[in-house]
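Peer 1: model this:
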Amino acid sequence: MPDRLKIGAGRVWFLLPFNQNLFFILNRFIMAKLNGKTVAILTENGFEEVELTSPKKALEDAGATVHVVSPQKDKVKAWNHDHWTIELPVDKNVSDAKAEDYDALMLPGGVLNPDKLRRNKEAVEFAKDFLETGKPVAAICHGPQLLIETGLLEDRDMTSYPSVQTDLKNAGANWHDREVIVDNGLVTSRSPDDLEAFNEKMIEEIAEGIHTPAPAH
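Peer 2: Modelled structure (predicted):
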């Protein structure tokens with residue numbers, strides 16, 4: 001066991017004398033950061049596997065209840081680079097899901113997944129409700145494509161997979177090439193390489209709760 005414990009809070013680091021009881025207390029506090037929070041992960045067939053499974057695990061480890069919401073009825077299938085992979089059970093069909101029942105929304109990427117969702121009116125309205133009410137939204141890679149259809153990205157600072165930047169700029173967003181960007185509860189990242197930073201900021205924003213709602217245009 002080390003005799004000193006390094007504790008991180010954003011970009012600030014502290015060194016404290018190591019105490020095993022303190023370690024377990026702090027670990028329990030961190031793990032329970034999202035106790036009582038319920039998060040919707042909205043997805044279609046073709047989501048990039050790790051872009052759903054990694055944030056889902058991070059949310060659950062932080063104490064959140066996570067529901068997979070989808071236009072699919074029973075299961076939704078993942079994509080990994082160039083082939084189909086795992087199937088996950090769908091907790092709630094998007095037709096029956098209400099944003100008021102959730103504290104935050106997470107959108108995984110994958111080329112196929114957001115392209116299907118953005119053509120689904122119920123999925124668009126579901127996502128739009130989170131932005132309009134100021135609830136945290138986290139989207140990675142191609143995931144922000146769905147948010148374009150909400151019409152609520154004017155002047156929002158965002159990032160995404162590089163090929164999506166033109167669409168986001170055309171929707172009025174300020175696009176940046178950074179691993180993670182937080183703009184008033186909206187968390188975005190570029191790719192699976194950014195998942196560690198993405199998960200950290202997603203949990204921080206959800207823990208903070210309601211932010212200033214996106215203005216309607």
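Peer 1: gap between Val39 and Lys92?
Peer 2: Separation of Val39 from Lys92 (CB to CB, to the nearest Å): 12 Å. (Each C-beta comes from the backbone N, C-alpha and C, glycine too.)
Peer 1: Report the set of residues contacting both of those two.
Peer 2: Both Val39 and Lys92 are contacted by His67, under the criterion CB atoms under 8 Å, 6 or more residues apart in numbering.
Peer 1: More neighbours: which of those two?
Peer 2: Using other CB atoms under 10 Å as the criterion, Val39 and Lys92 rank with Val39 on top: 26 against 16.
Peer 1: Identify the bridge partners of the more buried one.
Peer 2: Val66, Ala104 (DSSP bridges).
Peer 1: can you check Asn174 too?
Peer 2: Here Asn174, judged by DSSP bridges, has bridge partners Asp157.
Peer 1: pretty sure it is touching Thr159, no?
Peer 2: No. The criterion here is CB atoms under 8 Å, and Asn174 misses it with Thr159 at 9.8 Å.
Peer 1: So for these two, which residue has more residues nearby?
Peer 2: Thr159 (29 against 15).
Peer 1: Run through the residues that contact that one.
Peer 2: Neighbour list for Thr159: Trp175, His176, Asp177, Arg178, Glu179, Val180, Ile181, Thr188, Ser189, Arg190 [criterion: CB under 8 Å, 6+ apart].
Peer 1: Can you tell me which of those residues is nearest Thr53?
Peer 2: Ser189 (15.2 Å; CB to CB).
Peer 1: ok, and the closest non-adjacent residue to that closest one?
Peer 2: Phe198 (3.9 Å; CB to CB, 6 or more residues apart in numbering).
Peer 1: And Glu154, by the same measure?
Peer 2: What sits nearest to Glu154 in space, not counting adjacent residues and going by CB to CB, 6+ apart, is Gly172, at 3.7 Å.
Peer 1: What helix or strand is that neighbour located in?
Peer 2: Of the helices and strands defined by DSSP states H and E, none includes Gly172.
Peer 1: ok so, going back, of the contacts of Thr159, buried ones?
Peer 2: Buried members of these, scored by 16 or more other CB atoms under 10 Å, are Trp175, Val180, Ile181, Thr188, Ser189, Arg190.
Peer 1: Would you point out the most distant pair within the residues you listed?
Peer 2: Longest span within the buried ones among the contacts of Thr159, CB to CB: Trp175 and Val180, 13.6 Å.
Peer 1: still on that earlier bit, turn the buried ones among the contacts of Thr159 into CSV, including distance to Thr53 and secondary structure.
Peer 2: Output for those, formatted as CSV (distance: CB to CB, whole Å; DSSP: H, G, I helix; E, B strand; the rest coil):
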residue, distance to Thr53, secondary structure
Trp175, 26, strand
Val180, 18, strand
Ile181, 22, strand
Thr188, 19, strand
Ser189, 15, strand
Arg190, 18, coil
